[in-house]
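Colleague: Sequence isn't available, so here's the structure alone:
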Ligand code: MRU
C-alpha cells in the first residue's frame, strides 16, 4: 500500500475515495489537481496531506516557466493548497518548509529554485519514512502480546510515506510475533475505518473485527479491548489532540473502563504555536456526508446537520503521545517540545 509517489515529474495519488472497491491512481501534473485531491479526501491523513501539498508546490514550480512571475505563481499555489483543509497541521508545516526553501534561495533562477523545492519535498518524504519507522516501534512497545486494540479512522500506510501512525504501530507489534486483535471503528460519516483500515488489515493478515462507532463501549465493557490507539491531525503544546470526529468519545470510554488511550503521530503533527486544543480550527464539512451512508441518502432533505470532521481530546484523557522522539507522558508540554527539537527541528510555519 502506497498513498503517493512522485515519479517522472508528476505526483501519483492512490484515490482513497474509491477504495476498497477500485485501485485507481490519480496522475497530478499541476497543483490544482493536488488541491482538489486533498479537499475531496482522495489523499487524506495528516502526514500524507502535508507530503502531497509539498509535491503540489513542486508541480507549481515546474509549470511556472516564466521567470518574471515564478515567485508569484509558486506563492499562489501555496495559498490555494493552504485553503484545502484547516485542521491537519502537517499541511501548514510542509508549506512552511517549502516557503522557507524559496526564501533561502531567493535570487536564484527558476530552474534552481525548482530543484531546491524538489529536494525539500524529498527530504520531508525521507524524514516521514524515518519518523514512521521510529514511532511505530515505540508504539508497538505499548501493545502487549494478546492485546485487543481499538482504533478509530485510518492511520496505516495510506496516511503517510510508508507505515503510518497508530495502525503502523499495531502492524509492527503483529510483525514482532505478538498476537493482536484490532477492533476497527467504522468511523462515520466517511467510513475510513470500514473502507480503509479493514482493507489494510486484511492485506497484512492481522485479525480484526469491524464495529460501528456506537459499539465501542459494549466491547470495552465485555473486556475485549485492552487499549485504544489512534493518530492525530494536530497536537497542541499541552498535548490536547485533534483527530477524526469520534476520537474524543473513544478516549472518554477508555477512561471510563480504565483502559490506556494512546496517540501516535510524527512531530510534524505537533503544533507548539498553540497552547491548547481550544485554538485548533475544526473543519466543518458538507451536510450531505451525514445525510447519506456510503453515498446513499438516509435522511429527509432540507434538515439541519452538523458535520465537524475532527474533535479535540483533552490531554488529561491521553495515557501517552508517541512520536519518533519516543513516548511522551504527562506533563506533555516540556516533553513534546523536546521531541520537536530533537526530531524535525523547530517547524517553519
Ligand atoms: O479526514 P481524514 O480522513 O483526513 O482524517 C484522518 C484522521 O483523522 C487520522 O486519524 C489522522 O490524520 C491521523 S493518521 C496520520
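Modeller: Sure thing, it's come through. Keep in mind that what you see is a predicted model, and the values were worked out from it rather than measured. Residues are numbered from 1 along each chain as shown.

Colleague: For the ligand, give me its nearest residue in the chain.
Modeller: residue 231 (2.5 Å; C-beta to the nearest ligand atom). Backbone N, C-alpha and C define where each C-beta goes, glycine included.

Colleague: Any idea how many residues pack against that residue?
Modeller: A total of 30 residues lie near residue 231 under the criterion other C-beta atoms under 10 Å.

Colleague: Please read off the pLDDT at it from the model.
Modeller: We have a pLDDT of 98 for residue 231.

Colleague: try residue 6
Modeller: 97.

Colleague: Which residue ranges of the stretch 101-250 of the chain form helices?
Modeller: 110-140, 166-175, 192, 198-204, 216-221, 247-256 (DSSP state H, counting those that start in this stretch).

Colleague: Save these as a markdown table, and put in mean neighbour count too.
Modeller: Putting the helices of the stretch 101-250 of the chain into a markdown table (neighbours: other C-beta atoms under 10 Å) gives the following:
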| stretch | mean neighbour count |
| --- | --- |
| helix 110-140 | 19 |
| helix 166-175 | 25 |
| helix 192 | 25 |
| helix 198-204 | 18 |
| helix 216-221 | 17 |
| helix 247-256 | 21 |
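
Colleague: In TSV: these, plus distance to residue 89 and mean pLDDT.
Modeller: Output for those, formatted as TSV (distance: least, C-beta to C-beta, whole Å; pLDDT from 0 to 100):
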stretch	distance to residue 89	mean pLDDT
helix 110-140	14	97
helix 166-175	17	98
helix 192	19	98
helix 198-204	24	98
helix 216-221	26	98
helix 247-256	16	98
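
Colleague: With distance to residue 148 added, can I get those helices in JSON lines?
Modeller: Listed next are those as JSON lines, based on distance: least, C-beta to C-beta, whole Å:
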{"stretch": "helix 110-140", "distance to residue 148": "15"}
{"stretch": "helix 166-175", "distance to residue 148": "11"}
{"stretch": "helix 192", "distance to residue 148": "20"}
{"stretch": "helix 198-204", "distance to residue 148": "14"}
{"stretch": "helix 216-221", "distance to residue 148": "8"}
{"stretch": "helix 247-256", "distance to residue 148": "12"}
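
Colleague: Leaving aside the residues adjacent along the chain, what's closest to residue 335?
Modeller: Leaving aside its chain neighbours, residue 335 sits nearest to residue 328 (3.7 Å; criterion: C-beta to C-beta, 6 or more residues apart in numbering).

Colleague: got a list of what residue 238 touches?
Modeller: Residues counted as contacts of residue 238 (C-beta atoms under 8 Å, 6 or more residues apart in numbering) are 275-277, 315, 332-333.

Colleague: from those, which is closest to residue 227?
Modeller: Closest approach to residue 227 among these (C-beta to C-beta): residue 315, at 17.3 Å.

Colleague: Pretty sure residue 232 is one of the things the closest one touches, is it not?
Modeller: No: when contacts are counted by C-beta atoms under 8 Å, residue 315 is not listed as touching residue 232 (11.6 Å).

Colleague: which SS state does the residue of the chain most remote from its centre fall under?
Modeller: Most distant from the centre of the chain: residue 68, at 36.2 Å, with distances by C-alpha atoms, centre = their mean. With DSSP: H, G, I helix; E, B strand; the rest coil as the basis, residue 68 sits in coil.

Colleague: what residues are up against it?
Modeller: Residue 68 touches nothing, counting by C-beta under 8 Å, 6+ apart.

Colleague: What does it show for phi and psi?
Modeller: Phi and psi for residue 68, reported as degrees, to the nearest 10, are phi -70, psi -30.

Colleague: do the same with residue 212
Modeller: Dihedral angles for residue 212 - degrees, to the nearest 10 - are phi -80, psi 160.

Colleague: Quick one: residues contacting it.
Modeller: Applying C-beta under 8 Å, 6+ apart, the residues contacting residue 212 are 185-186, 188.

Colleague: Count the neighbours of the residue nearest to residue 335 for me.
Modeller: By other C-beta under 10 Å, the residues close to residue 328 number 24.

Colleague: in terms of contact, does it touch residue 321 like I think?
Modeller: Yes: taking contacts as C-beta under 8 Å, residue 328 lies within contact range of residue 321: 4.6 Å.

Colleague: any shared contact partners between those two?
Modeller: By C-beta under 8 Å, 6+ apart, the residues touching both residue 328 and residue 321 are 239, 335-336.
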